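1. Return atomic coordinates for the entry below.
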Amino acid sequence: MADPISDLTAIHPVSRETMERLEHFVALFCKWSRAINLAAPSTLPDIWRRHVADSLQLYALNPGPVCWLDLGSGGGFPGLVTAILLRETDGGFVDLIESNRKKAAFLRTALSETGARGEVHSIRIEEAGRVLKGQQAISARALAPLDTVLTLAAPWTGAGATAWLHKGRDYRREIEAARRSWSFDLIEHRSQVDAESVILQIDRVRDLDAGGG
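-> You can find the predicted model right below:
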């Protein structure tokens, strides 16, 4: 297994206190993964690079006291990692949406035991727009094709939030498909963890079917 500190500091420096919180989170993740499906078992031996360092890239690209909304938080990547990193700031918060109650229970335990800045909402993403407002940044990882993610994120991107989305090797095809329904400004950030992956920074999202193009 690669050295976790080297994996992380190559992307963004973290304090010893933050590193200890991340280590505790990873230990919890591995413990809970024996009982519930938080990630593909084949990825666990490389969890620091495949999941933690990959998630850390969002904070490195958009640091500081930002209010985040993490869609489909699952095992906490990237939302809970971001919430842990926000402990180093004077503000910022992550609202994590996870409708699966077992995964939501894990996330609440991880937030409590790491002291991360966040709250879990055990509701469907489609319902969240009515109760969660004012977030500045949206994150999602391995959730759905881009067109679907933009539909889910519309209540917040329509209010000015920026989407920061992890995407894999087929991301160009997803962008092409999404542009049939959406107008948006796009910056592609090459992944520092996987040469075939990117983080898409998406702003000024408009629904073309609603006359927003």
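2. if I pick the residue most central in space within the chain, what's in contact with it?
-> The centroid of the chain falls nearest to Pro78 when counting by C-alpha atoms, centre = their mean (3.3 Å). Counting by C-beta atoms under 8 Å, 6 or more residues apart in numbering, Pro78 makes contact with 54-58, 70, 139, 141, 166. To be clear about C-beta, it is placed using only N, CA and C from the backbone, and glycine gets the same treatment.
3. ranking the residues you listed by neighbours, who comes first?
-> Asp70 (32 neighbours; other C-beta atoms under 10 Å).
4. Three-state assignment for Ala163, please.
-> On the three-state scheme (DSSP: H, G, I helix; E, B strand; the rest coil), Ala163 is labelled strand.
5. So for the lengthiest helix in the chain, what gets flagged as buried?
-> When the chain is parsed with DSSP state H, its longest helix is helix 16-33. Of all the residues in helix 16-33, those buried under the rule 16 or more other C-beta atoms under 10 Å are 18, 21-22, 25-26, 28-29, 32-33.
6. what ranges do the helices span in this protein?
-> Using DSSP H, helices in the chain cover 4-9, 16-33, 47, 54-61, 79-85, 101-114, 125-128, 146-157, 171-178.
7. Toward the C-terminus from the second one, list the very next helix or strand.
-> The C-terminal neighbour of helix 16-33 among helices and strands, as given by DSSP states H and E, is helix 47.
8. average pLDDT across that next one?
-> Mean pLDDT, helix 47: 89.
9. contacting residues around that helix?
-> Under C-beta under 8 Å, 6+ apart, the answer for helix 47 is 26, 29-30, 39.
10. Including pLDDT, could these go into TSV?
-> Shown next, in TSV, are the contacts of helix 47 (pLDDT from 0 to 100):
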residue	pLDDT
Val26	95
Phe29	95
Cys30	92
Ala39	77
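11. Any regions of this protein where pLDDT drops low?
-> Confidence mapping of the chain against pLDDT under 70 gives the ranges 1-3, 211-213.
12. can you rerun that using 90?
-> Within the chain, the stretches with pLDDT under 90 are 1-10, 12, 34-35, 37-47, 49-50, 88, 90, 142, 209-213.
13. dump the residue contacts of the residue nearest to the residue nearest to the centre of the chain when sequence neighbours are not counted.
-> In space, and not counting its chain neighbours, Pro78 is closest to Ser55: 3.4 Å by C-beta to C-beta, 6 or more residues apart in numbering. With contacts defined as C-beta under 8 Å, 6+ apart, Ser55 is in contact with 77-78, 81-82, 141.
14. How about Leu107?
-> 73, 76, 79-80, 96, 98, 120.
15. Considering those residues, which possesses the most neighbours?
-> In the contacts of Leu107, the most neighbours by other C-beta under 10 Å go to Gly76, 34 neighbours.
16. Kindly indicate which of the buried residues of helix 16-33 lies nearest Ser191.
-> Proximity of the buried residues of helix 16-33 to Ser191 (C-beta to C-beta) peaks at Leu22, which lies at 19.0 Å.
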